[in-house]
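> starting from these lines, generate the structure:
(chains A, B, C and D)
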There are 2 protein chains.
Amino acid sequence: MKTILVVDDEADALELISYNLKQAGFSVATSMDGADALAKARSLLPALIILDVMLPEMDGFEVCKTLRREAATEAIPIIMLTAKTAEMDRVLGLELGSDDYVTKPFSPRELVLRVRKLLDRTHVAAQQKDQLRVGDLLIDVPRHAVTLRGRPLDFTATEFKLLLVLVQRCGLVQSRERLLRDVWEYERDVDTRTVDTHVRRLRDKLGRAAPFLDTVRGVGYRYMDE
Amino acid sequence: MKTILVVDDEADALELISYNLKQAGFSVATSMDGADALAKARSLLPALIILDVMLPEMDGFEVCKTLRREAATEAIPIIMLTAKTAEMDRVLGLELGSDDYVTKPFSPRELVLRVRKLLDRTHVAAQQKDQLRVGDLLIDVPRHAVTLRGRPLDFTATEFKLLLVLVQRCGLVQSRERLLRDVWEYERDVDTRTVDTHVRRLRDKLGRAAPFLDTVRGVGYRYMDE
DNA sequence: GTCGATTGTCACGAGATTGTCACAAGCACA
DNA sequence: TGTGCTTGTGACAATCTCGTGACAATCGAC
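Next up, the predicted model:
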């Protein structure tokens, strides 16, 4: 059974969420402050974490960032709970990398739906196909090979990873920060402009498929399928 | 059942509104002065508050501001009732943060419609959809793409954000201050007239859908869905 | 070690985006 | 009808963003 870690400093919110998750068949662990939440996340390795932004001492943002930096917990989906609309962008944004958010007040039933959806999605992502095809481009993941209309293309390790991430989330705009997280995996601090350089190298090598890799000004990059 | 708190010092207005809300299936609480309204808001935590501007002693503006400052009541949508057009901008303004307004005299049926809309809206806002559709307009947030009758439209980052906010709160008037807060966020001081310019740019690009983005003189802008 | 490939960073410049302004047009109200 | 205030419009300069080429650091094979 999947365990979900719920972190909130308000006892009744904790109660409400736990109750509903248990009703929905999940196993639930709870925590009321950031430091404890971190410890529990590391030891339990839950399938998902629901994390309130407002926490005493170490706030939700901190916890999220920390979890994202550690290999063991990096892939655990996080849903942030936030009261203010103005915080939403920060929550989903760049440096943080939470996977979803819910603004308080929320309906418990809706929260459960979100949890299910997020677990489904990461599950699908986990069972990754060996081969990806987008337009004329074919990526063979285990072979680490890319062909364009049957012609083999040669990519370096980083280039391959970047292309893979872009193609996997084909059509969706990926911010530089997100790409850094997924491709570079937080190797020290890498400049966001580095992404640009690698995109250029990808484009150079992609040749006729280069136009499909487009830049969304002020937002990020995206691989288009048409 | 959802409870709505109605605050007005005129007995017959109170009567009229209550009757119509009850007919529409809501549970109604009433209050005739500011201090009492505050107390009831805090204890009942209603789903929505309808608040007359003119109240003995503590006026509607005060009540609204106070409620917005408290965590428990901060998220409760407020509809302000106001007699004078001149007051409208204050009502929707920054420091106040009411969510909608209705000018007296009003048709009770229209008020009920607004109530429904606002309640729907906050519910919809909570479930953060990936795609928004209003009339012929479709906004796909993760793809950062907008289409009008299937035709793709090209928006810059700021334009996209502005359109998104307007469409998310579709039907509700957004003051320039509110738009500045939600779209421009923390960025230094931006002139309120800047909003006008961006609205114009939106209209230019929206083409056939431009008429839906209307201006409410003295108050702000609004995206209409019909 | 040497050599070449890979990688991250930087500076520069073209071009897009953005905020502001001045003025025209429009509306509300006397 | 005129006055004052609000909004639309076009233009423009400042700023920001991104593509590009160059380069030094690092890595890995030999």
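> the closest residue to DNA strand C within chain A and A:E185, how far apart?
Of chain A, the residue with the smallest distance to DNA strand C, taken as Cβ to the nearest atom of the strand, is A:T156 at 2.8 Å. C-beta coordinates here come from the backbone N, C-alpha and C atoms, glycine included. Counting by Cβ to Cβ, to the nearest Å, the gap between A:T156 and A:E185 amounts to 16 Å.
> ditto for A:R193
18 Å.
> more neighbours, these two?
Taking neighbours as other Cβ atoms under 10 Å in any protein chain shown, A:R193 and A:E185 compare with A:E185 leading, 12 against 8.
> which residue is the nearest non-sequential neighbour of that one?
Take A:E185 and drop its neighbours on the chain: the residue closest to it by Cβ to Cβ, 6 or more residues apart in numbering or on different chains is A:E74, 7.7 Å away.
> do A:R222 as well
Spatial nearest neighbour of A:R222, excluding adjacent residues (Cβ to Cβ, 6+ apart): A:V173 at 4.6 Å.
> then A:T215?
A:Y221 (5.5 Å).
> how about the residues of chain A by DNA strand C?
Contact residues, chain A versus DNA strand C (Cβ under 7 Å from any atom of the strand): A:154, A:156-159, A:184, A:187, A:189-191, A:193-194, A:197-198, A:217-218.
> thinking again about what came up before, what sits against the residue of chain A closest to DNA strand C?
A:R201 (Cβ atoms under 8 Å, 6 or more residues apart in numbering or on different chains).
> separation between it and chain B?
For A:T156, the distance to chain B under the criterion Cβ to the nearest Cβ, to the nearest Å works out to 28 Å.
> how about the helices in chain A?
Residue ranges of the helices in chain A, as given by DSSP state H, are A:11-23, A:34-44, A:60-69, A:88-92, A:108-126, A:157-168, A:176-179, A:193-206.
> check the ones you listed for me: which has the lowest mean pLDDT.
Ranked by mean pLDDT, those bottom out at helix A:88-92, with a mean of 47.
> and the residue of chain A closest to DNA strand C, its phi and psi?
Geometry field for A:T156 lists phi and psi as phi -80, psi 170, criterion degrees, to the nearest 10.
> if I look at it, what pLDDT would I see?
Spelled out, the predicted local distance difference test score at A:T156 is 93.
> and it, how far is that from B:V190?
A:T156 sits at a distance of 43 Å from B:V190 (criterion: Cβ to Cβ).
> please apply the same query to A:R193.
26 Å.
> A:R222 bridge partners, please.
The bridge-partner assignment for A:R222, based on DSSP bridges, gives A:D214.
> that one and A:R176 touch, don't they?
No. A:R222 is not in contact with A:R176 according to Cβ atoms under 8 Å; the separation is 11.9 Å.
> state the mean pLDDT of stretch A:74-86.
For stretch A:74-86, mean pLDDT rounds to 72.
> domain ranges for chain A?
According to automatic domain parsing, chain A comprises the domains A:3-126, A:131-223.
> so the residue nearest to A:R222 touches B:V141, yeah?
No. Applying Cβ under 8 Å, one finds A:V173 not in contact with B:V141, separated by 9.3 Å.
> and those two? which has more neighbours close in?
Taking A:V173 and B:V141 together and counting by other Cβ under 10 Å, A:V173 has the greater number of neighbours (20 against 17).
> what's near enough to touch the more buried one?
Remark: with contacts taken as Cβ under 8 Å, 6+ apart, A:V173 is in contact with A:216, A:219-222, B:142-144.
> can you name the two of these that are farthest apart?
Spatial extent of the contacts of A:V173 (Cβ to Cβ) is set by the pair A:Y221 and B:P142 at 13.4 Å.
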